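Chemist: quick check, what structure comes out for this input:
(one chain, ligands or ions: 1)
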Amino acid sequence: MSTFGARLRSAMDERGPLCAGIDPHAGLLTAWGLPETVEGLRSFALGAAEALGPVTAAVKPQSAFFERFGAAGVAVLEETIRICREAGALVVLDVKRGDIGSTAQAYADAYLDQSSPIAADAITASPYLGFGSLDPMIETARKNDAGVFVLALTSNPEGPQFQHASGADGRTVAQTVLDSLRDANTGESPLGSFGAVVGATIEDPTVALDINGPLLVPGIGAQGGTADDVRRIFDGVLHLVLPSSSREILGAGPDTAALRAAVESTAASFAALVR
Ligand SMILES: O=c1ccn([C@@H]2O[C@H](COP(=O)(O)O)[C@@H](O)[C@H]2O)c(=O)[nH]1
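Modeler: The predicted structure is shown next:
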């Protein structure tokens, strides 16, 4: 198997640069005519996976919306991941894990070791125990041709309080994360496997985003981010950008054709930025 970065590069080039989120919000279950039960969750998530998996470069299930139904919800998450991967989409599992190294290894074993029942192509990780605490995830990802997306400049308004703070060397926390990712991606071609999460809603894009790895960009659509924002914030690194949109695309469902049309038009608007 090729590296996660190489697989993602091919998928973005072939299917268009878009990650479609699967976030089974209570309001979306209702909008799709489904009950707020684990059966409703299963119909929603599997319907979304079958519609989106064959047409999007990447799919990003949000673990929280599955976990809220307990073990039965996690079983639906495993099924969702399997369907998306079998359909050819890369699965970025949004779990935002981070802990001391020994526990980080257990998270890596759960989500990145490809023999695990809940393995994904990549996960999201939180660096707030120090970037080095993520080493077990980075090393397990390397061994398994998987990837890790680390929070750098998140799309929520509270993020700058921590992410813009400066350390002893004068770099912001966000820049330290980005620099560490660039180091992890050294020598990788066509794209490293270690990405950053940078929102389409950030107000101060004065960071070096050239990490030779993917930039997962949430905040599109429901949070107000647009293709114009992406063009402005990511000028010079647009080839690294993997825009991510959940509610706006899912709002087109449950009809499969409508979901795919939403994916196609969103992906086309971002593909136009890199031409
Ligand atoms: O900075 C971040 C990091 C992660 N997210 C997640 O992405 C989706 C966004 O959903 P939308 O419906 O497209 O707003 C959601 O799962 C978040 O947890 C983010 O928004 N910002």
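
Chemist: quick one: terminal-to-terminal distance for stretch 198-214?
Modeler: Chord length of stretch 198-214, first to last residue, is 10 Å (CA to CA, to the nearest Å).

Chemist: could you check it against the ligand for contacts?
Modeler: Yes. Counting by CB under 6 Å from any ligand atom, the ligand is contacted by stretch 198-214 at residue 199. For glycine as for every other residue, the C-beta is placed from the backbone atoms N, C-alpha and C.

Chemist: what comes up buried for that stretch?
Modeler: Going by neighbour count (16 or more other CB atoms under 10 Å), the buried part of stretch 198-214 is 198-202, 207, 209, 211-214.

Chemist: just the C-alphas of stretch 218-233, formatted as PDB.
Modeler: Output of stretch 218-233 as PDB, limited to C-alpha atoms (Å, rounded to 0.1, in the frame of the first residue of the first chain):
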ATOM      1  CA  PRO A 218     -13.200  22.800   8.200                       C
ATOM      2  CA  GLY A 219     -15.400  25.800   8.700                       C
ATOM      3  CA  ILE A 220     -16.800  25.700   5.100                       C
ATOM      4  CA  GLY A 221     -20.500  26.300   4.700                       C
ATOM      5  CA  ALA A 222     -22.400  26.100   8.000                       C
ATOM      6  CA  GLN A 223     -19.600  28.000   9.900                       C
ATOM      7  CA  GLY A 224     -19.500  30.700   7.200                       C
ATOM      8  CA  GLY A 225     -16.200  29.900   5.400                       C
ATOM      9  CA  THR A 226     -16.300  30.300   1.600                       C
ATOM     10  CA  ALA A 227     -14.100  29.400  -1.400                       C
ATOM     11  CA  ASP A 228     -13.000  33.100  -1.400                       C
ATOM     12  CA  ASP A 229     -11.900  32.800   2.200                       C
ATOM     13  CA  VAL A 230      -9.900  29.600   1.300                       C
ATOM     14  CA  ARG A 231      -8.300  31.400  -1.700                       C
ATOM     15  CA  ARG A 232      -7.300  34.300   0.600                       C
ATOM     16  CA  ILE A 233      -6.000  32.400   3.600                       C
END
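
Chemist: hmm, that stretch in reach of the ligand?
Modeler: Yes. Judged by CB under 6 Å from any ligand atom, stretch 218-233 and the ligand are in contact via 218-219, 221-223.
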